[in-house]
Structure formats: structure tokens, C-alpha cells
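>>> Build me a model:
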Amino acid sequence: MVESIGPTDRPVRRRPGAFNERTRRSVLIRVAIYVGVACVGGLAFLIGYGPSWVVGYFLLVWLGGWLANTLAITEWTVAGHQLGRRRWLSRPGSRPASIMELGPHVECVHETRVRWRVWPGGASIDLLPGQAARFAFAMEGADVRVYDWRRDWSRRHRLLGAAGLLAYAGAFVAEFVAIAIGGLDRPLGAVLVAAGIAGLLAGVLIDVLPWELRDRFARPSPADEARGEGR
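Predicted coordinates:
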């Protein structure tokens, strides 16, 4: 998994409308995340269970999950009026495949913290954190109607958004602490495992439910509009 340096690849990464870019920096960040979680998790298993096959099993499962997540990443490009994509671990030098023609007939909706939805068609675009503003700017430059609902909602509910991040962080801390003290074999470990699951669910609900429960009468969603046109 290395940075692509082929001549046909350079223009893709240098375009201002490239997102989830496969660069040397992004590769190093992903490797650092993998190593960090592997070290913390491995240490927790060592403390809770001592040197055993359990540690190796955890590292193997974590490696599989990390590779699966890396394979699932898509590098998106907005070039002119074309939306393109390619897999993060695609062949070096490969060109992004054209997905659709952009323009005033297209609407892009910011649904959750990392997910955008493009209409017509309803294709989902998952972006790494911190790229929402750049993505909205690039889509507007392609004459796409951008409905950044999530950004507006986050400004009005800053505390709730922060609570979602804390719920995710607390869930992972609780799980690692539960492992370090012996897992489900001890009452406190069982309580921490349950608390971790609850924290993870709370984070997901804070991310997803605001969009699902929004006031549809204030502004029909693109899906509602599409169904109305089909009648």
C-alpha cells in the first residue's frame, strides 16, 4: 500500500476537487492508527489475560478489520462537471472512473457526519473527517445544488455533536478497560462492556437520527421530491 506516482496519477491527486486522496501522508496516518490501536489493544489483553494466543488472535482480527476498511475507502474527484471515483488500493496509475455528469440538475445532501447523498440516483459518498467544507465548495463549483443540512444542524446543536464524539471515545475506552480487567469474567468487566455498547449506539444515533427525524415539512428531501415527480 504505497502512494501512486505514475504519470497518469499525478493530476488526480493534485486536483483541488480530490477527496479521500491516496497520498503518502494519508497512508502513514492509517498505518499509525492501526499500530496505535494494536498496541493499546494488545496491552489490554496482556494485562487481562497474560501472554497467550488471545493476544495474537486480537491482532489478527484487528488486522483483518483494518484491511477491510482500507479496501472499502473510495477516492472521489470532482473535475469540471464530472464526478469520478477509484478504490484506495486500486492499481497504481489507474484513472478514476466517471460516475455521473454534474450540474444544476443534481443535488447533494449532507446527511450524517461523514456521509453525503447525491440525487438523482441516491449514491452515497463517505468522506474522511474534515473534508465536508471542501467537498461542498467543489460541488458548488460544478453547479450542483448543495444542501449542507448537517453543517447547519451541527452549528445549532454543538453540545449534542460533541456528545456524539464523546460517546464514541468513551465506548472504546470502556471496552479496552473491560478487557484489561478480565472481560466478562468479572462483574465490573461486564458492566463496562455493556456501557461500551451503549456508548457506541448513542454515537450512531446522534449521527443518524437527526436526519431521519428532521422536519420534512420544512423542506422535502430529494427522495420525497423524486417520488412526487414519479406520481
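
>>> residue ranges with poor pLDDT in the protein?
The chain contains residues with pLDDT under 70 at 1-16, 184, 212-231.

>>> all strands of it, in order?
All strands of the chain, identified by DSSP state E, fall at 18-19, 74-79, 82-87, 97-101, 107-110, 115-119, 123-126, 145-147.

>>> From the chain's centroid, how far away is the fourth one?
It stands for strand 97-101. 21 Å (CA atoms, centre = their mean, to the nearest Å).

>>> Can you lay out the strands of the chain as CSV showing distance to Leu28 and mean neighbour count?
No exception for glycine: its C-beta is placed from N, CA and C like everyone else's. Below are the strands of the chain laid out as CSV (distance: least, CB to CB, whole Å; neighbours: other CB atoms under 10 Å):
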stretch, distance to Leu28, mean neighbour count
strand 18-19, 18, 22
strand 74-79, 16, 22
strand 82-87, 19, 19
strand 97-101, 26, 13
strand 107-110, 28, 22
strand 115-119, 25, 20
strand 123-126, 21, 15
strand 145-147, 31, 18
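
>>> so which of these comes closest to Gly164?
Ranking the strands of the chain by their distance to Gly164 (criterion: CB to CB) puts strand 115-119 first, at 14.0 Å.

>>> for the closest one, packing partners?
In terms of contacts (3 or more CB pairs under 8 Å, 6 or more residues apart in numbering; DSSP states H and E), strand 115-119 is packed against strand 107-110, strand 123-126, helix 222-230.

>>> where exactly do the helices run in the chain?
Here the chain has its helices, by DSSP state H, at 10-14, 24-49, 53-72, 132-141, 149-156, 158-180, 187-212, 222-230.

>>> Which among the ones you listed is found nearest to Gly122?
Comparing the helices of the chain under CB to CB, the one sitting nearest is helix 222-230, at 6.8 Å.

>>> What is the burial count for Leu160?
12 (other CB atoms under 10 Å).

>>> from memory it sits against Ile206, does it?
Yes: between Leu160 and Ile206 there is a contact at 6.2 Å, judged by CB atoms under 8 Å.
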